[in-house]
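**Student:** pasted the sequence and its predicted model underneath.
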Amino acid sequence: MSSTPIDLTDASVWQTATPHAWLDEVRNTEGLYFQEESDGPGFWAITRHEDVRAVSIDPSNFSSWVGGPLRLDPSPDELDQLRMVIIGMDPPEHRNFRDVVARAFTPKRISTIEPTMRAETRAVFAQLAKQDSCDFVADVAAIIPMWSISELVGVPVADRHRLYELSHSLIDDQDPEVAPTPETAMEAVAEIFAYASEMAQRARLNPEDNLTGDLLSAEVNGRKLDDLEFTLFFVFLIVAGNETTRTATSHGLLALLEHPEQFELLRQDPSLIPGAVEEILRWQPPIHHFRRTATCDVKVGGQQITQGDKVIMFYAGANRDPAVFQDRHRFDITRSPNRQLSFGVGEHFCLGANLARLQLRVLFEELIASWGDIELQAPPRRLHSNLINGIKEMQISYQPRT
Ligand code: HEM
């Protein structure tokens, strides 16, 4: 290694900026780079596109169940709960669960909500047409993800804002501004769990045609889900649906503002938006990493790994791998093909990918139609987290089109 090692577990590092120079070095390491941890046994950092793919498509050798999907080693109780959530399962249980949930996320079912999603998005911009500045994160990027996930699972309008706040304090608990004390996150967990359990009870009495109804009526692995299993899935969906798409939207506008020639291209030809969305996801993966645990002695990228070792896949590393992306440090909305891995790949490939892509497309179409010149009013404030690539606040000014 030619430069001073960077601690990939340090949230302050990621808060400042994704450490691309270091990820480039780690990717060039012969074999894999081993990252020591102050709060764990250390892990193998996976940064090559080929290796992230190899690990993700091989759940029998790289398990989400053995040690959970997150870097920090969970307590036995936490691990029990993680194993009840889709993202912490392995096949065959995982496949059976996923088959039930996947019905709600097919491109066909998702496309049916496009007209109402567009109307909601237009309403956001219509409201903002009365002013010429806003916090893009709170006033735009946060709104449609919560709306979409609420429509899918059937959260009443009156409860949505509170659930959004809870999901934020629960997952962004590394940031003292979001969760000032450990109790903040724990209280959020308790409140959101109680909410989900009440919702399950209501839905059992009055089944509705939505994902909650599908989940509660379906048999998974030969039996119906109990309250705790439903609650855990519900909480995971609220978090997975909110934090990620909000982050992608905020980074999307930021990347376009930082590359005005690309923004101009998009304004001239909005049919480029789907490609721009893929490039936004490649450029700034909303989630920095997920984890697997080796179930046997196995090789990755020429490196011998021992059974029980932790491997962490860094999507920002894979998305800037020169073996796959030409001119990888260039933001190029016309990049094609674009094999970005921000939604993961293989067994646990993001179920919400169609929904997220739709939200991002509709949002940028409406943004271009609604606003002329847009300017950053202050540097965006980034989240203190080594997991979520979040932006907390982004003050902008804009010219509403009449
Ligand atoms: C830009 C937005 C999003 C990004 C970048 C993203 C990213 C990811 C990634 C990387 C995984 C794979 C985890 C692994 O391999 O262990 C994943 C899984 C998942 N995501 Fe997303 N996600 C996004 C939006 C959403 C939305 C909107 C929803 C739902 C409303 C959602 C629901 C899920 C679910 C249910 C899984 C678990 C799939 C499984 O374990 O089989 N995601 N997501």
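**Tutor:** It's in.
**Student:** touching, Phe34 and Ile46? I think so.
**Tutor:** No - taking contact to mean Cβ atoms under 8 Å, the distance of 11.4 Å between Phe34 and Ile46 leaves them out of contact. C-beta here means a position set from N, CA and C on the backbone, and glycine is covered the same way.
**Student:** the more surrounded of the two?
**Tutor:** Using other Cβ atoms under 10 Å as the criterion, Phe34 and Ile46 rank with Ile46 on top: 31 against 13.
**Student:** grab the nearest non-local neighbour of Val324.
**Tutor:** Sequence neighbours aside, His49 is the residue nearest to Val324 in space, at 4.5 Å (criterion: Cβ to Cβ, 6 or more residues apart in numbering).
**Student:** residues from the chain in reach of the ligand?
**Tutor:** For the chain, the contact set with the ligand under Cβ under 6 Å from any ligand atom comprises 56, 64, 69, 86-87, 98, 149, 237, 240-241, 244-245, 248, 286-287, 290, 342-344, 348, 350-352, 355-356.
**Student:** what is the burial count for Trp97?
**Tutor:** In this structure residue 97 is Phe, not Trp. Taking other Cβ under 10 Å as the criterion, the count of residues near Phe97 is 21.
**Student:** contact partners for it?
**Tutor:** 86, 89, 220-221 (Cβ atoms under 8 Å, 6 or more residues apart in numbering).
**Student:** any idea which element it lies in?
**Tutor:** For Phe97, the host element (DSSP states H and E) is helix 93-102.
**Student:** can you give me the buried ones in that helix?
**Tutor:** When neighbours are counted by 16 or more other Cβ atoms under 10 Å, the buried residues of helix 93-102 are found to be 94, 97-98, 100-101.
**Student:** check what pLDDT the residue in the chain that the ligand sits nearest to gets.
**Tutor:** Proximity to the ligand, evaluated over the chain using Cβ to the nearest ligand atom, is greatest for Gly352 at 2.1 Å. At Gly352, the pLDDT value in this model is 95.
**Student:** now, of the residues of the chain next to the ligand, which are buried?
**Tutor:** With burial judged by 16+ other Cβ under 10 Å, the buried subset of these is 56, 64, 69, 86-87, 98, 149, 237, 240-241, 244-245, 248, 286-287, 290, 342-344, 348, 350-352, 355-356.
**Student:** in helices only, show me those residues.
**Tutor:** 56, 98, 149, 237, 240-241, 244-245, 248, 355-356 (DSSP state H).
**Student:** all strands for the protein, in order.
**Tutor:** With strands called from DSSP state E, the chain shows them at 33-35, 43-46, 62-63, 133-135, 219-220, 223-224, 289-294, 298-300, 303-305, 310-314, 371-376, 381-382, 391-393, 395-400.
**Student:** quick one: least confident helix or strand in the protein?
**Tutor:** strand 219-220 (a mean of 83; mean pLDDT, DSSP states H and E).
**Student:** given that one, what are its sheet partners and their directions?
**Tutor:** Here strand 219-220 has these sheet partners by DSSP bridges: strand 223-224 (antiparallel).
**Student:** now Ile171. Nearest residue, chain neighbours left out?
**Tutor:** Of all residues not flanking Ile171 in the chain, Val239 sits nearest, at 4.8 Å (Cβ to Cβ, 6+ apart).
**Student:** ok so, going back, my understanding was that the residue of the chain closest to the ligand contacts Asn242; is that so?
**Tutor:** No - at 10.4 Å, Gly352 and Asn242 do not qualify as touching, with contact defined as Cβ under 8 Å.
**Student:** any idea which of the strands of the chain has the lowest pLDDT on average?
**Tutor:** Ranked by mean pLDDT, the strands of the chain end with strand 219-220 in last place, scoring a mean of 83.
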